[in-house]
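A.B. asks: model this:
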Amino acid sequence: MSAKVKILPGGSIQEASRGTVLADILKKAGVAVNLKCGRRGICGTCAVEIVRGPRPPHEDDERAILARRKMGVSGRLACRYVITEDLTVRVPAASRPTPMPVLTRGVGRRFALDPPVRKLRLSLSKFPSSLPSVPGKTVRRTLSRSRLHVSSDILADFEKRADSTGSNSEFTAVLRGNTDVMVLETGDTTARSFGLAIDLGTTTIVVELVDLNSGRAVGREAGINPQVSFGADVVSRISAAYADPSQAAALRTTVLEGINGMIVRLLGKHRLSRDLVYEAVVAGNTAMNHFFLGTSVMTLAVSPFIGAFSVLKPVPAMQAGLDINPRGQVYIAPNIESFVGGDISAGLIATGLDTAPGTRLFVDLGTNGEIVLKTGKRLLTTSTAAGPAFEGMTISCGMLAEMGAVYRVENENGFRLRTIGGAPPRGVCGTGLIDILAVALSRGLVTSKGRILGPERTIELGSGLSLDQRDVREFQLAAAAIKTGLRLLLDELRLEVGDLDGLVVAGAFGNSLNIRNAIALGLLPRLDPKKIVFVGNASLAGARVLLLSRSERRRCERLVRRIRHISLASRETFQKTFVEALAFEPWA
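C.D. replies: Reported below is the predicted structural model:
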């Protein structure tokens, strides 16, 4: 037996088997809904209105979740609602993904341009007039004279397209390294040689088209990582893959479809064929790198949380599943250890942290906050499970840094809200949350212990937005995780905040961060603001460096072997430090 599901707005009708979850039918109908908790029914971002049809009693916590989303008695969570008969459902705008500004630019530094792929223009050699001219032999003879090596299948493929007249026609050898031919092309194509730098983030993906001849970025495409339908954080996605191998395959398929769609749009804008893209570099955290390659994440699901690989040889594009030249290759920025992955190794290469003088910290604030401490020639790293609060998840009025998100708040006789794009306030993203709590702390609306004062136990922001006690606790936990990681890394080398010569903050989160408010809450150490540097999307910048320089790749591979990983949970002082870090107060 089947049921008919009418979807508003639009009015499309879908057939559904009874017992099917509503979220699956919406996906089948091409109606995108937010599933940021991986269908665990805890984030409330997939809330819909049952206009007509059964409204079974809410589950234990569903009513409270829907209340925070301002849904009435007809509201239900699409990831929990089971279809039993015909119904009409309305999907509100707040439950649909919206375009999101993605940070695409990062710090840059000088390095030698030495891409792994280069092109060489050649002219076909002539045979004596008394001998027949065979294209394959002509090309092989020309390549031999230039001391270049070519496989028979590449030669056979080119022979079909080569000039059979024996004239001095031009052709182009695409070389990997100095002597190995990866592709032969008719005519002179030396002016057109491209690669891709890919920042594979948990929440967002950026694909950058780079001219391999000049090192110049030609264009970018950015968007939401489609894997968010499996969960907003990597832990949710790892759990899904661990529980069901088919989900692991789906996670890989989903992210490849997302990246390849971006590649198609990017190349279309610049009227380029995929055959002119010979190399790609992917920089992602350890879990994302595993998902991308279809490598099992089982070892990341259980202690001691070790990845299946650190440094890999370039992977053939066809094997990796990227829609570039089939003979191209994909290089994965090396994972460091545990959950500190290629996005961090790429960021370190982009910023040159390992060669910077003095003692410095590198912090990437996000769902999985990664930290690197450098002093002298020593490098230590750790990762903290900060949770998705910094991304606006698990916050009642939270949202990603999308249009209408409150990203900046000022104390002007109340809360003055500034939103992305100047749009009406729809919710609060991570940087806005920091500002709100810093302002609330200064105005005595919340204590240093994180307790909201006043009978309502809420922080009213205006425009229908407010934070409750649970929201404050969620932020406390996320901030305490970062603070604990910073403190224990410094303790490991018996260093104090005063020993720091600089703090590098990477990622989109840090790009809009109010330094003074972050210091007031204790999220960042109390340093001279001049010592704190924002480097933007360091992962993308590092991917670009690794795309354009073989020597920088070798340097990166040596660097990850030098870094010592610290497991925070194994430290005796972890619990005590974490509890102390819950307080909203500056560092000593």
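
A.B. asks: For the nearest residue to residue 520 once chain neighbours are set aside, give me its contacts.
C.D. replies: Nearest residue to residue 520 in three dimensions, chain neighbours excluded: residue 438, at 4.9 Å (Cβ to Cβ, 6 or more residues apart in numbering). Just so you know, the C-beta spots here come from the backbone N, C-alpha and C atoms, and that holds for glycine as well. Neighbouring residues of residue 438 by Cβ atoms under 8 Å, 6 or more residues apart in numbering: 514, 516, 517, 518, 520, 521.

A.B. asks: Quick check: the gap between residue 438 and residue 459.
C.D. replies: 12 Å (Cβ to Cβ, to the nearest Å).

A.B. asks: just residue 96 next, same as before
C.D. replies: 27 Å.

A.B. asks: and these two? which has more neighbours close in?
C.D. replies: residue 459 (23 against 14; other Cβ atoms under 10 Å).

A.B. asks: show me the contacts for the residue nearest to that one when sequence neighbours are not counted.
C.D. replies: Distances taken as Cβ to Cβ, 6+ apart place residue 467 nearest to residue 459, at 4.4 Å, with adjacent residues excluded. Residues near residue 467 by Cβ under 8 Å, 6+ apart: 395, 396, 397, 428, 433, 436, 452, 458, 459, 461.

A.B. asks: Would you check which pair of those lies furthest apart?
C.D. replies: The largest separation in the contacts of residue 467, counting by Cβ to Cβ, is between 428 and 452 at 15.3 Å.

A.B. asks: of those two, who's got more company?
C.D. replies: The neighbour comparison of residue 428 against residue 452 (other Cβ under 10 Å) goes to residue 428, with 28 against 17.

A.B. asks: Residue 141 and residue 171, how far apart?
C.D. replies: 13 Å.

A.B. asks: of these two, who's got more company?
C.D. replies: residue 171 (24 against 15).

A.B. asks: list the contacts for the more buried one?
C.D. replies: 121, 122, 123, 124, 139, 158, 162, 184, 185, 186, 187.

A.B. asks: one more time with 6 Å
C.D. replies: Taking Cβ atoms under 6 Å, 6 or more residues apart in numbering as the criterion, residue 171 is in contact with 122, 186.

A.B. asks: how much space between it and residue 280?
C.D. replies: The value you get for residue 171 to residue 280, if Cβ to Cβ is used, is 25 Å.

A.B. asks: Number of residues surrounding residue 262?
C.D. replies: So residue 262, with other Cβ under 10 Å, has 20 neighbours.

A.B. asks: wait, I meant residue 47
C.D. replies: Residues near residue 47, counting by other Cβ under 10 Å: 24.

A.B. asks: With residue 214 instead?
C.D. replies: If you count neighbours by other Cβ under 10 Å, residue 214 ends up with 11.

A.B. asks: List the buried residues in stretch 151-162.
C.D. replies: 154, 155, 158, 159, 162 (16 or more other Cβ atoms under 10 Å).

A.B. asks: Relative to residue 493, which of those residues is nearest.
C.D. replies: residue 154 (52.3 Å).

A.B. asks: name the element the closest one belongs to?
C.D. replies: Element membership for residue 154, per DSSP states H and E: helix 152-159.

A.B. asks: Just the residues contacting stretch 49-65, thanks.
C.D. replies: 44, 74, 75, 76, 84, 87, 88, 89, 90.

A.B. asks: Next one: the first one relative to residue 428, how far apart?
C.D. replies: For residue 44, the distance to residue 428 (Cβ to Cβ) stands at 15 Å.

A.B. asks: what do you get for the fifth one?
C.D. replies: The span separating residue 84 from residue 428 equals 37 Å under the rule Cβ to Cβ.

A.B. asks: how about the strands in the stretch 251-400 of the chain?
C.D. replies: 277-284, 315-316, 329-332, 359-364, 369-375, 378-384 (DSSP state E, counting those that start in this stretch).

A.B. asks: so which of the ones you listed is the most packed in?
C.D. replies: Among those, ranked by average contacts under mean count of other Cβ atoms under 10 Å, first place goes to strand 277-284 (a mean of 29).

A.B. asks: What is that strand packed up against?
C.D. replies: strand 194-200, strand 329-332, helix 342-351, helix 538-548 (3 or more Cβ pairs under 6 Å, 6 or more residues apart in numbering; DSSP states H and E).

A.B. asks: how about those in CSV, adding distance to residue 319?
C.D. replies: Formatted as CSV, those follow (distance: least, Cβ to Cβ, whole Å):
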stretch, distance to residue 319
strand 194-200, 16
strand 329-332, 8
helix 342-351, 18
helix 538-548, 19
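
A.B. asks: Could you pull out the helices in the stretch 51-200 of the chain for me?
C.D. replies: 62-68, 135-145, 152-159 (DSSP state H, counting those that start in this stretch).

A.B. asks: got the angle between the second one and helix 152-159?
C.D. replies: Relative orientation of helix 135-145 with respect to helix 152-159: 120 degrees, computed using axes from the mean of the first three to the mean of the last three Cα atoms, to 10 degrees.

A.B. asks: now helix 135-145, how far from the centre of its chain.
C.D. replies: Here the centre of helix 135-145 is set off from its chain's centre by 45 Å, with Cα atoms, centre = their mean, to the nearest Å.

A.B. asks: Then the first one?
C.D. replies: A distance of 29 Å separates the C-alpha centroid of helix 62-68 from that of its chain, computed with Cα atoms, centre = their mean.

A.B. asks: So what's the model's average confidence on it?
C.D. replies: For helix 62-68, mean pLDDT rounds to 80.

A.B. asks: so what pLDDT did residue 498 get?
C.D. replies: With respect to pLDDT, residue 498 scores 91.

A.B. asks: looking at this, it is in a helix?
C.D. replies: Yes. Counting by DSSP: H, G, I helix; E, B strand; the rest coil, residue 498 is found in a helix.

A.B. asks: how about the helices in the stretch 451-588 of the chain?
C.D. replies: 469-492, 508-511, 515-521, 538-548, 550-562, 574-581.

A.B. asks: could I have the last one exported to PDB, CA atoms only?
C.D. replies: So that's helix 574-581. Taking C-alpha atoms only, helix 574-581 is exported to PDB below (Å, rounded to 0.1, in the frame of the first residue of the first chain):
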ATOM      1  CA  PHE A 574      42.500  17.100  31.600                       C
ATOM      2  CA  GLN A 575      39.300  16.900  33.600                       C
ATOM      3  CA  LYS A 576      40.400  19.500  36.100                       C
ATOM      4  CA  THR A 577      41.500  21.900  33.300                       C
ATOM      5  CA  PHE A 578      38.300  21.400  31.400                       C
ATOM      6  CA  VAL A 579      36.100  22.200  34.400                       C
ATOM      7  CA  GLU A 580      38.100  25.400  35.100                       C
ATOM      8  CA  ALA A 581      37.900  26.400  31.500                       C
END
